[in-house]
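[1] generate a structure from the sequence data that follows.
(one chain, ligands or ions: 1)
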Amino acid sequence: MQLEHYIGGRFLATEEEKWTSVLNPANGEVLAEVPLATEATVNEAVAQAKQAQQEWALVPAPKRAQYLYAIGMKMQEKKEHLATVLTKEMGKVIEEGRGEVQEGIDMAFYMAGEGRRLFGETTPSELSNKFAMSVRAPIGVVGLITPWNFPVAIATWKSFPAIVAGNTFVWKPATETPMMAYEMAKIFDEVGLPKGVANIVFGSGGEVGTALIEHPDVKVISFTGSTETGRKVASLGGQHLKKVSLEMGGKNAVIVMADADLDLAVDGILWSAFGTAGQRCTACSRVIVHKDVKEELEQRLLEAMKQLSIGDGLDESVKVGPVINQKALEKIHYYVEEGHKEGARLLAGGHILTEQPYSQGHFYAPTLFTDVAPDARIAQEEIFGPVVSLIAVADLEEAIQVNNSVQYGLSSSIFTQDINSAFKAQRDLDTGIVYVNAGTTGAEIHLPFGGTKGTGNGHRDSGVAALDVYTEWKSVYIDYSGKLQRAQIDTE
Ligand code: UN1
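    Below is the predicted model of the structure:
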């Protein structure tokens, strides 16, 4: 199967482009060939998007929203197919594949609703016979750069608010997972989204990403990926005075207090640490446990980890799929070796799975370290794999301090039955998302998604907050006094 870019409503690719293979991380099977665009292709996509945007901005928002309803319905109709493609190219287990597609469907219907809201504000003017209001105006062409770990959901968090607000977009999906983007291109086409509103260009970050950021007609860049790449996006975007929205790494912790329901805590840790093989920005990679229940929690986690079946995500009984590629596998193992050197005690896992049926894919054994120092590298740096570090603390204050001691601030969670601890934690945990009595994953699309410190730059995906990324506030004053009134100057 050969994928094609989607530009101005046309599917196209040329033999002259460089091509690369899309591989199934569970077994190395070649799933598709994907073309890698050059700057000229990006320029063409931006030109199409720019032209389409002029008309699209004039389509009433409730009518723009009709397309999102249609897209949501199509995704619903194709849900099982989309989930299967997703599991094949990304590796997450099929149950989570379905969940991710559902997240995209939810986003479509939620943002379609914004077509009939997109609220602005009216406010009194300081002058008489004068009307003042602020409205959300579209910005223009937006550039979307999305990661491989959520190939469809994250793209919907960005593209759907962009669409409903009257923008057009050029989307560069991750080269590891272009098939979901291709599926979305087909859906955009099938529902008759006007040509040029949605454009998809495959290619590398270095070439396509850079070309998008530098293009003078791309007004907004929304990026999700590593903090390292995000810094480059921010600095290049800064030079070109772009509005840049960044969503980057995490080093998310579950705090387990002495009064916690330990069965619930174990379930929450397992789901958020080993689901998606730990490859979520929201994944739990630290457990901060009260010393009084440390040993008990270790025992229960070890017991529960034995039940985690590992394998090809298409097998319904599998709970942990492969990691994305060989490079990821090596990075994870590098950190595990660092953990040993730093004196952490390995309780489970700690190795690459090389025997059958894992040898053709990229599988890492779910790993648990204990007695980890809060400032150890494995407790500070994002590993993006199924590796958890357990850190013991004496009380809630110390737990919060350890949670906040990392450079990231995406998600955190606390298991406690004490209402005072819960309320204090939600106030003091320095992350954009806080859970009480649930793991660190599972954000819902109608709430803002993003984090503090090294996780972001103040913008949010998802929720109504996403509209702030894709709209410009316009303040409008209408003077019906019939005379020149001067604000701030007493005219009486
Ligand atoms: C991500 O890992 O980049 O909250 C997104 C969650 C999902 C989204 C994760 N709804 O885990």
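[2] got the contact list for stretch 119-139?
    53, 56-57, 118, 165-167, 219-220, 243, 467, 470-482, 485, 487 (C-beta atoms under 8 Å, 6 or more residues apart in numbering). (Each C-beta comes from the backbone N, C-alpha and C, glycine too.)
[3] let's see which of these end up in strands.
    Judged by DSSP state E, those include 219-220, 243, 471-479 as members of strands.
[4] from these, keep the buried residues only.
    With burial judged by 16 or more other C-beta atoms under 10 Å, the buried subset of the ones in strands among the contacts of stretch 119-139 is 219-220, 243, 471.
[5] which one of those is nearest Y364?
    V220 (36.4 Å; C-beta to C-beta).
[6] pretty sure that closest one contacts Y470?
    Yes. Using C-beta atoms under 8 Å, V220 is in contact with Y470, at 6.6 Å.
[7] what do these two both touch?
    139, 142, 162, 167.
[8] which of those residues sits closest to the ligand?
    Looking at the shared contacts of V220 and Y470 and their distance to the ligand, the nearest is A162, at 18.0 Å (C-beta to the nearest ligand atom).
[9] nearest residue to that closest one other than its sequence neighbours?
    Nearest in space to A162, with sequence neighbours left out and distances taken as C-beta to C-beta, 6 or more residues apart in numbering, is Y470 at 4.5 Å.
[10] ok, the one you found touching N167?
    Yes. Under the criterion of C-beta under 8 Å, Y470 makes contact with N167 at 5.5 Å.
[11] still on that earlier bit, can you count the residues close to the residue nearest to A162?
    By the criterion of other C-beta atoms under 10 Å, Y470 has 27 neighbours.
[12] in contact with it, which residues?
    Y470 touches 138-139, 142, 161-162, 165, 167, 220, counting by C-beta under 8 Å, 6+ apart.
[13] pLDDT weak spots in the protein?
    Within the chain, the segments meeting pLDDT under 70 span 491-492.
[14] could you show which parts of it are in contact with the ligand?
    103, 149-150, 154, 280-282, 441-443 (C-beta under 6 Å from any ligand atom).
[15] please, where are all the helices along the stretch 351-492 of the chain?
    Here the stretch 351-492 of the chain has its helices, by DSSP state H, counting those that start in this stretch, at 377-380, 396-403, 419-428, 466-470.
[16] do the stretch 51-200 of the chain as well
    Counting by DSSP H, counting those that start in this stretch, the stretch 51-200 of the chain has helices at residues 61-77, 79-90, 94-114, 153-164, 178-190.
[17] return the most buried member of those.
    Of the helices of the stretch 51-200 of the chain, the one with the most neighbours on average (mean count of other C-beta atoms under 10 Å) is helix 153-164, at a mean of 28.
[18] what's the closest non-adjacent residue to whatever residue of the stretch 1-150 of the chain ends up closest to the ligand?
    The ligand sits closest to F150 of the stretch 1-150 of the chain, with a gap of 4.8 Å, by C-beta to the nearest ligand atom. Spatial nearest neighbour of F150, chain neighbours left out: E100 (6.0 Å); criterion: C-beta to C-beta, 6+ apart.
[19] the residue nearest to R116 when sequence neighbours are not counted and I139: what is the separation?
    Excluding the flanking residues, the one nearest R116 by C-beta to C-beta, 6+ apart is P62, at 5.1 Å. Counting by C-beta to C-beta, to the nearest Å, the gap from P62 to I139 is 20 Å.
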